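>>> Have a look at this fold, sequence not included:
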């Protein structure tokens with residue numbers, strides 16, 4: 001799909017979501033409920049070509065693109081609107097504080113011998129799949145969190161009470177040297193995808209509901225470039241998403257790792 005076609009699709013989505021918001025919003029509201037079927041009605045009323053996949057229109061604004069300026073203009077200073085699930089086929093626009101999680105420019109880069117099979121790198125379908133594969137084959141969850149982790153399922157689609165259907169990019173389970181067991185939902189952010197507050201919140205809610213006996217440690221992975229990956233551990237504290245820790249990993253040949261690199265890593269381990 002070329003760029004003009006993508007832009008045309010986003011413009012159609014913007015018209016539809018803008019109409020849904022306009023019909024449900026009242027000044028001063030902090031949440032604006034709506035149902036999936038209203039997207040159909042808005043498309044007809046605006047004379048817009050109906051999306052083949054209504055879910056894609058909603059997903060686009062939940063995780064990839066900013067809501068139209070006409071919607072954001074109604075938000076008080078310091079806040080912005082986001083779309084959240086509120087049950088089966090139910091959603092709401094909700095005011096929230098902006099969340100910006102971007103790799104630090106001065107972060108130390110840890111070089112890791114690249115163990116990704118060449119055939120996987122050659123045939124990965126899209127940035128997200130390529131990123132998940134590199135995280136998995138190079139055991140970056142293990143290294144980053146200092147646990148032994150195994151992939152339980154990727155692209156897990158399930159429902160969560162009070163939220164509705166969600167999808168977790170990849171779900172790991174693991175344990176540490178003391179026997180504590182963890183569940184690790186991983187967000188994969190490639191291309192122009194952005195870290196979403198609602199995705200982290202729903203990942204945590206899912207893990208609490210489905211795995212109440214395990215400690216949840218949400219992780220976001222983001223491409224800096226095709227061989228460099230930023231890893232963030234996130235947590236929910238005082239109703240805000242916080243960054244617990246951040247590391248950058250570069251996948252290289254073993255010959256690219258120098259004795260000086262190893263000395264730096266050893267010094268960090270002793271500290």
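That came in fine, so what should we check first? Please read these numbers as outputs of a predicted model, since none were measured by experiment.

>>> Might you list the low-confidence residue ranges for the stretch 101-250 of the chain?
The stretch 101-250 of the chain contains residues with pLDDT under 70 at 191-194.

>>> run the last query once more with 50
Judged against pLDDT under 50, the stretch 101-250 of the chain has no low-scoring part.

>>> how about the strands of it, start to end?
Chain-ordered strands for the stretch 101-250 of the chain, with DSSP state E, counting those that start in this stretch as the definition, fall at 109-113, 148-160, 164-175, 181-189, 215-216, 219-225, 228-237, 240-252.

>>> my guess is residue 247 meets residue 110, correct?
Yes. Assessed by CB atoms under 8 Å, residue 247 is found in contact with residue 110 at 6.4 Å. No exception for glycine: its C-beta is placed from N, CA and C like everyone else's.

>>> Now residue 218, what are its backbone angles?
Main-chain torsions, residue 218, degrees, to the nearest 10: phi -70, psi 140.

>>> how about it, what does it touch?
For residue 218, the residues meeting the contact criterion (CB atoms under 8 Å, 6 or more residues apart in numbering) are 184-187, 200, 203-204, 207, 233-235.

>>> residue closest to the middle of the chain?
By CA atoms, centre = their mean, the mean C-alpha position of the chain lies nearest to residue 187, the distance being 4.1 Å.

>>> pretty sure residue 146 is in contact with residue 174, am I right?
No. Under the contact definition of CB under 8 Å, residue 146 does not touch residue 174, with a separation of 9.9 Å.

>>> which one of the two has more residues nearby?
The neighbour count for residue 146 versus residue 174, taken as other CB atoms under 10 Å, is higher for residue 174 (22 against 9).

>>> Then residue 32 would be within a strand, right?
Yes. The assignment for residue 32, made by DSSP: H, G, I helix; E, B strand; the rest coil, places it in a strand.

>>> Please name the bridge partners of the closest residue to it other than its chain neighbours.
Of all residues not flanking residue 32 in the chain, residue 93 sits nearest, at 4.0 Å (CB to CB, 6 or more residues apart in numbering). Judged by DSSP bridges, the bridge partners of residue 93 are residue 32, residue 83.

>>> neighbours around residue 93, how many?
Residue 93 has 25 neighbours, counted by other CB under 10 Å.

>>> Which pLDDT value goes with it?
Listed pLDDT for residue 93 reads 93.

>>> I'd assumed residue 85 was in contact with it.
No. Using CB under 8 Å, residue 93 is not in contact with residue 85, being 11.8 Å away.

>>> Please report how far the residue nearest to the centre of the chain lies from residue 229.
Distance, residue 187 to residue 229, by CB to CB, to the nearest Å: 12 Å.

>>> still on that earlier bit, buried ones among the contacts of residue 218?
Under a neighbour-count criterion of 16 or more other CB atoms under 10 Å, the subset of these counted as buried comprises 184-187, 200, 203-204, 207, 233-234.

>>> Now these in CSV, please, with extra columns for distance to residue 59.
Supplementary listing: the buried ones among the contacts of residue 218 in CSV, determined by distance: CB to CB, whole Å:
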residue, distance to residue 59
184, 22
185, 17
186, 18
187, 14
200, 16
203, 15
204, 19
207, 21
233, 25
234, 20
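
>>> from those, which is closest to residue 76?
Within the buried ones among the contacts of residue 218, distances to residue 76 taken as CB to CB reach their minimum at residue 200, with 22.9 Å.

>>> Touching, the closest one and residue 241? I think so.
Yes. Taking CB under 8 Å as the contact criterion, residue 200 and residue 241 are neighbours in contact, 5.2 Å apart.

>>> which residue packs closest to residue 110, ignoring adjacent ones?
Residue 110 sits nearest to residue 249 (CB to CB, 6+ apart), 5.2 Å away.
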